[in-house]
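>>> coordinates only, no sequence provided:
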C-alpha cells in the first residue's frame, strides 16, 4: 500500500504536469491513470499549440495566458513541438471587420501579428485557395502530445514521483470529511492512502468526484479530427471567423490534421459519431486549402473536450472560453480533494503550476514553482522522447505518424 503526500488521478498533460511540478517542490506524489499516459483528451487532440489568437477577441485573459505558455513551451519542450507559425485566413465572404477586431485584440494582449495580402500568402502556402483575400501571421505551433506528456512524467519520476499506468480508480473511502483511501485496480490492485488528492481527469472529472460524494458538473463535447495525406503545408491554418466546424488545419511532415466539430455528449466513454462531422470538416478545411478535399484519408478520430458545465452555460457558446477552474471540495465537505477542469493543452503547465500552488497552500508547504525554467528531459533527443512514450504506453493517435516507439 502506497501512502504518498499527494495522489494525482489522471495521466494527461495536466496530471503529468502537476506530478512534475509537485515533485520539483519535494512533495511525495503518485500519479495513476486507468490506461497509458495521454490516453484521454490529451492524446486525441489536433495538436495545435495556440498562440492565443483564437481567443483574443472573446477571452483576452485566456489569450494572454496562451501566448505566455506558448513562449515557455518553446523554451523548454524542444522536440515535443514543431515551431511552424500560423496563419489566420480571411476568405472572400468572411467578415473583414472580424479580421480587424481579431488583429486589434491580438495586439492588445501582446500576440505579434503581420498581415499579408492574398498573393503574398500564396507565396508562403502555394495551394491556398484563390478565395483567400488576406492572412494574419501569428506564432502558433504544433505540439506532439505523446512526447510532451511522457517527458513530463519522466521528469516527475526522475525527481521522486511514482507513475502508475493501467491503474484505474475504482472507489474512495471518505471518513471525517477527508478521503482516507483510494482503491486502485489494474496494475496496482491495492489501496492508496494519500494526504491530498488531485482530480485531473478532464472530461471524466465528474465521475471521479462522485466517488468522493461531491459534484463536478462537466459538459463534454466531442470533436472529429481527420488526418489526410498532404506534405506541402508549412504553417498552421486557422479560418478567421468566429469558431466553427472545420476551421483548423495542422501540418505534420507528410500529412495534415483537419479539425474539428463540437457536439455535446453525455458519456465521454460512450458516444455516437456521425459521418457528417467528417465530410463537413473536410469540406470546410478545403475552402482554405483545396487539395485536402481529395487527399487520401489516413486516420480519423474523435476527442472529448473537458468543458466545465457552469462556465459553458454562463458564456453560452462554443469556443468563447477555454479557461480552467480549480474546485476545492473543502467547500463540499471533503477537505483534501481538488478538481481541475477545463483549459487547453497549450496551458497545461500553467494549470499544473496553479494547482500545485493550491496543494502546497493546503498542505502548508512553502515551495516555488520551477517548471517554467527547466527543460524537459530528452527535449533535444527525439529517440529519448519516444522511449519515454513507450515506457509509459503513452502513444496517441494525434501524433502516431511522428512517434517512433522502440520495443522495451
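Noted; the coordinates are in hand. As the structure is a prediction and not an experimental result, all values here were calculated from the model.
>>> would you mark the buried spots in stretch 119-136?
121, 122, 125, 128, 129, 132, 133, 134, 135, 136 (16 or more other C-beta atoms under 10 Å). The C-beta positions use only the backbone N, C-alpha and C, and glycine is treated the same way.
>>> in helices, which of those appear?
121, 122 (DSSP state H).
>>> pLDDT at the nearest residue to residue 220 once chain neighbours are set aside, what is it?
The shortest distance from residue 220 to any non-neighbouring residue, by C-beta to C-beta, 6 or more residues apart in numbering, is to residue 203 (4.2 Å). On pLDDT, residue 203 comes in at 96.
>>> let me see the contact set for residue 203.
By C-beta atoms under 8 Å, 6 or more residues apart in numbering, residue 203 lies in contact with 40, 41, 218, 220, 268, 304, 305, 306, 307.
>>> which of these lies closest to residue 252?
residue 41 (19.2 Å; C-beta to C-beta).
>>> could you report the neighbour count for the residue nearest to that closest one when sequence neighbours are not counted?
Nearest-residue entry for residue 41: residue 202, 5.0 Å, with adjacent residues in sequence omitted and distances by C-beta to C-beta, 6+ apart. Burial of residue 202, expressed as a neighbour count using other C-beta atoms under 10 Å, amounts to 26.
>>> residue 202 and residue 377: what is the separation?
24 Å (C-beta to C-beta, to the nearest Å).
>>> what's the answer for residue 50, then?
When residue 50 is compared with residue 377 (using C-beta to C-beta), they lie 24 Å apart.
>>> again with residue 383
13 Å.
>>> have a look at those two and say which one is more surrounded.
Under the criterion of other C-beta under 10 Å, the comparison of residue 383 against residue 377 puts residue 377 first, with 18 against 10.
>>> that one reaches residue 152, doesn't it?
No. With contacts counted by C-beta atoms under 8 Å, residue 377 stays clear of residue 152, the gap being 9.3 Å.
>>> what about the residue nearest to residue 41, distance to residue 91?
As judged by C-beta to C-beta, residue 202 and residue 91 stand 33 Å apart.
>>> repeat that for residue 332.
In terms of C-beta to C-beta, residue 332 sits 48 Å off from residue 91.
>>> before we move on, what about residue 38?
Distance, residue 38 to residue 91, by C-beta to C-beta: 34 Å.
>>> who has more neighbours out of the two?
Comparing residue 38 with residue 91 by neighbour count (other C-beta under 10 Å), the higher total belongs to residue 38, at 33 against 18.
>>> for the more buried one, what are its contacts?
11, 12, 13, 145, 146, 149, 150, 394, 395, 396.
>>> which SS state does it fall under?
coil (DSSP: H, G, I helix; E, B strand; the rest coil).
>>> tally of neighbours for the nearest residue to it once chain neighbours are set aside?
Distance criterion C-beta to C-beta, 6+ apart; nearest residue to residue 38, sequence neighbours excluded, is residue 149 at 4.2 Å. Neighbours of residue 149 under the rule other C-beta under 10 Å: 32.
>>> now the helix or strand harbouring residue 149: average pLDDT?
Using DSSP states H and E, residue 149 sits in helix 145-158. Averaging pLDDT along helix 145-158 gives 98.
>>> can you pull the contacts of the residue nearest to residue 25 when sequence neighbours are not counted?
Using C-beta to C-beta, 6+ apart and skipping residues adjacent in sequence, the residue nearest residue 25 is residue 367, 3.6 Å away. For residue 367, the contacting residues are 25, 26, 27, 360, by C-beta under 8 Å, 6+ apart.
>>> let's go with 10 Å and repeat that
Residue 367 is in contact with 21, 22, 24, 25, 26, 27, 356, 357, 360, counting by C-beta atoms under 10 Å, 6 or more residues apart in numbering.
>>> which parts of the stretch 301-408 of the chain are strands?
324-328, 337-342 (DSSP state E, counting those that start in this stretch).
>>> who are the packing partners of the last one?
Meaning strand 337-342. Applying 3 or more C-beta pairs under 10 Å, 6 or more residues apart in numbering; DSSP states H and E, one finds that strand 337-342 contacts strand 6-9, helix 13-24, strand 196-199, helix 205-211, helix 309-315, strand 324-328, helix 348-362.
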